[in-house]
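Engineer: What would the 3D arrangement of this be:
(2 chains)
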Amino acid sequence: MKPTETDSTAVDWRGDSASSPDVTRRERLKETYEARVRTPALVAWSDWRTRFGLLIIGGYVLMALVAVLGLWREPSTSQAPRLLGPFADMSYPLGTTQSGVDLMALIIHSTPTILILITAGAVWATLIAVVIGTVAGYKGGSVDRGLMSFSDLVMAIPGLPLVIILAVTLNPENPVVLGVIINISYWAGLGRSARRCSRSARTTTSRRRGRWGSARRVSSSRTSSRT
Amino acid sequence: MVNYYVRRTARVFVTIFLVASLTFGLVRLLPGGPFTLLRAQLLRQGVPADEVDARIANLQNIRPDEPLWMQYIDYMTALVQGNLGESISLGEPVVSVLAKAAPWTVFVVLVSTILVFVVGIFLGSLQAYWEGGRFDQVVTGVSISMMSLPFYVVAVLLLYVFAYQFGWLPTAGTISNSVDRSLSLPFVVSALKHSILPIVSYTLGAAGGQALAMRGNSIQVLGNDYVQVARLRGLSDGRIATRYVARNAILPLYTGFLLLLGFRLGGTVILEQIFSYTGLGYYMITALNANDYPLMMGTFLVITVALVIGVFVADLTYSRIDPRISAGESDEAY
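Structural biologist: Here you go, the predicted structure:
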């Protein structure tokens, strides 16, 4: 990409927000919303896979809502006849267990906890991966090598046994802690791709002489020569 | 060249050392100490306190009255000497339990992982070759469905159909009881019969994923200029397919090998439980249920060591596939 191209867009961007007085903050917000939220959402929505995925997530959220709002009975022993088959009695659609617990109630009332657990795990893995990956990719050099060696080490520990051992040792009750433990080493692989992205973004920006200017160009020329 | 191998070898030892330290830390961290319960139990039974301490020390190579760093050194020296303590539930040294279990796990994981790669690469390159055709569409569809089915679901289904309904294959164990545990034809046949279901259920889904990855990589490589140039130079299709396309398309798959192997070795915990296949994973769950901490930590260590060695071998062979690695041009081994 030629350096002049980005310069002109940068000027445009600034001119838009600062120098034209007739653009109110509200309109600017609306514009950002259009560009950042609505358009990507529309593009994503046009793909059936997004819709299908949202449908599945929506189903779980709905189940969680039913549990939170208390629309279904709480699970308890001998609340129903024992060992009903699924759909045998429509007030217990999924059947019952040996001790007479409604399976539907079990599923519905475990959903909110599971959602918290999954979210905690996902946030943990993404956060650590992005932080480590970006720092490694941006700094380069020995920081990069150190962080990547560390994530290699973490990757070299078998995940499931580690999770089992940690769960037995720490015996977590809180769904957030449990979610973090389940995803404890998941960031390692993710961090590598974050690093790759930040590295390629960095070499492009330094080539374009982007907003950060020349402050870090000396070290960047070294990293980009390595790639 | 030397640098690369030295670094990889160093990483093996550092990883094992760290994981060993982790198990030590966990044993110390365990709620109230894992042996507090056992100790109280033994004392209640009227066993003298000295003897109780000696027995516990024997179990995990830890003497509770020593300072922490002494315990740590004792623990690590014992590990180096191959002493993993004594299993509480089985009453045997952990090493001898695991020595019997490890070959089965390694066998299943190794065979199924090789199958995953062979099948995946083969299907994926054919798909890329006939991109958009009927074969491609069918295999993509099947691969996606297999991928979305977790291996344990496949395992339970296969077990139900082939072992319980048809009775063609055994439902549990590594070999049948009537067969001698010596290298003979009946032994091999029995071992194979017992391992077919675990291996197949462990291969199907992952192979689909690898096929899709291989397909994507191959299509990407096929679009490269150097492939066009090779065509223009009049090289044979076979040479282009193997030397130019396959070699470059396989590289990223090798990159994912580490994660895949770790996942698969860890996954044996579930797999072996389903098939009652007495490998490492099976003993890990056994130890878990029996609160058998020495066996649990020992299994964890052995699984880690197996994984680290697998990755090490992969690293060494990786430089054979991609000469840039051993030439030291790239830091990214995986």
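Engineer: The residue lying closest to A:Thr119 once chain neighbours are set aside: how many residues sit nearby?
Structural biologist: Nearest residue to A:Thr119, sequence neighbours excluded (C-beta to C-beta, 6 or more residues apart in numbering or on different chains): A:Gly179, at 7.1 Å. In this view, the C-beta of every residue, glycine as well, is placed from N, C-alpha and C. Residue neighbour count, defined by other C-beta atoms under 10 Å in any protein chain shown, stands at 24 for A:Gly179.
Engineer: Mind checking the pLDDT average for the helix or strand hosting A:Gly179?
Structural biologist: Using DSSP states H and E, A:Gly179 falls within helix A:175-182. Taken as a whole, helix A:175-182 has an average pLDDT of 89.
Engineer: do stretch B:82-101 as well
Structural biologist: Mean predicted lDDT for stretch B:82-101 stands at 82.
Engineer: follow-up on the earlier one: any idea how far the residue nearest to A:Thr119 lies from B:Leu169?
Structural biologist: A:Gly179 is 38 Å from B:Leu169, where distance means C-beta to C-beta, to the nearest Å.
Engineer: Going along the chain, name the helices of chain A.
Structural biologist: A:3-14, A:25-32, A:39-45, A:48-68, A:103-139, A:141-155, A:159-170, A:175-182, A:187-208, A:217-226 (DSSP state H).
Engineer: B:Leu222 is nearest to which of the ones you listed?
Structural biologist: When the helices of chain A are ranked by proximity to B:Leu222, the top entry is helix A:187-208, at 22.4 Å, counting by C-beta to C-beta.
Engineer: how far does that closest one sit from the chain's center?
Structural biologist: Offset of helix A:187-208 from its chain centre (C-alpha atoms, centre = their mean, to the nearest Å): 18 Å.
Engineer: packing partners for it?
Structural biologist: Applying 3 or more C-beta pairs under 8 Å, 6 or more residues apart in numbering or on different chains; DSSP states H and E, one finds that helix A:187-208 contacts helix A:3-14, helix A:103-139, helix A:141-155, helix A:217-226.
Engineer: Can I get the ones you listed in TSV including mean pLDDT, distance to B:Ala207 and mean neighbour count?
Structural biologist: Formatted as TSV, those follow (pLDDT from 0 to 100; distance: least, C-beta to C-beta, whole Å; neighbours: other C-beta atoms under 10 Å in any protein chain shown):
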stretch	mean pLDDT	distance to B:Ala207	mean neighbour count
helix A:3-14	46	45	11
helix A:103-139	90	26	18
helix A:141-155	84	22	17
helix A:217-226	43	36	14
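Engineer: How about the residues of chain A by chain B?
Structural biologist: By the rule C-beta under 8 Å from any C-beta of the partner chain, the part of chain A lying against chain B is A:145, A:148-149, A:152-153, A:155-162, A:164-166, A:168-171, A:189, A:226.
Engineer: 10 Å - rerun?
Structural biologist: A:144-145, A:148-150, A:152-171, A:185-186, A:188-189, A:192, A:195-196, A:226-227 (C-beta under 10 Å from any C-beta of the partner chain).
Engineer: Pull out the buried members of these.
Structural biologist: For the residues of chain A next to chain B, a burial check counting by 16 or more other C-beta atoms under 10 Å in any protein chain shown picks out A:144, A:148, A:152-169, A:185-186, A:188-189, A:192, A:195.
Engineer: which non-adjacent residue is nearest the residue in chain A that chain B sits nearest to?
Structural biologist: Nearest residue of chain A to chain B: A:Leu160, at 3.3 Å (C-beta to the nearest C-beta). Once flanking residues are discounted, A:Leu160 sits nearest to B:Gly266: 3.3 Å by C-beta to C-beta, 6+ apart.
Engineer: out of all of them, which helix in chain B is the longest?
Structural biologist: When chain B is parsed with DSSP H, its longest helix is helix B:185-222.
Engineer: looking at chain B, which helix or strand is least sure?
Structural biologist: Least confident element among the helices and strands of chain B, by mean pLDDT, DSSP states H and E: helix B:34-44 (a mean of 64).
Engineer: contacting residues around B:Ser276?
Structural biologist: B:Leu159, B:Pro170, B:Thr171, B:Ala172, B:Gly173, B:Thr174, B:His194, B:Tyr282 (C-beta atoms under 10 Å, 6 or more residues apart in numbering or on different chains).
Engineer: cutoff 7 Å now
Structural biologist: B:Ala172, B:Gly173, B:Tyr282 (C-beta atoms under 7 Å, 6 or more residues apart in numbering or on different chains).
Engineer: I'd guess it is in a strand, am I close?
Structural biologist: No: B:Ser276 sits outside any strand when classified using DSSP: H, G, I helix; E, B strand; the rest coil, being coil.
Engineer: Please tell me the pLDDT value assigned to it.
Structural biologist: On the pLDDT scale, B:Ser276 gets 87.
Engineer: from what I can see B:Phe162 touches B:Val156, true?
Structural biologist: No: assessed by C-beta atoms under 7 Å, B:Phe162 is found out of contact with B:Val156, at 11.5 Å.
Engineer: Residue of chain B closest to chain A, please.
Structural biologist: Counting by C-beta to the nearest C-beta, chain B gets nearest to chain A through B:Gly266 (3.3 Å).
Engineer: got a list of what that residue touches?
Structural biologist: A:Pro158, A:Gly159, A:Leu160, A:Pro161.
Engineer: On the three-state scheme, it is what?
Structural biologist: B:Gly266 is classified as helix under three-state DSSP.
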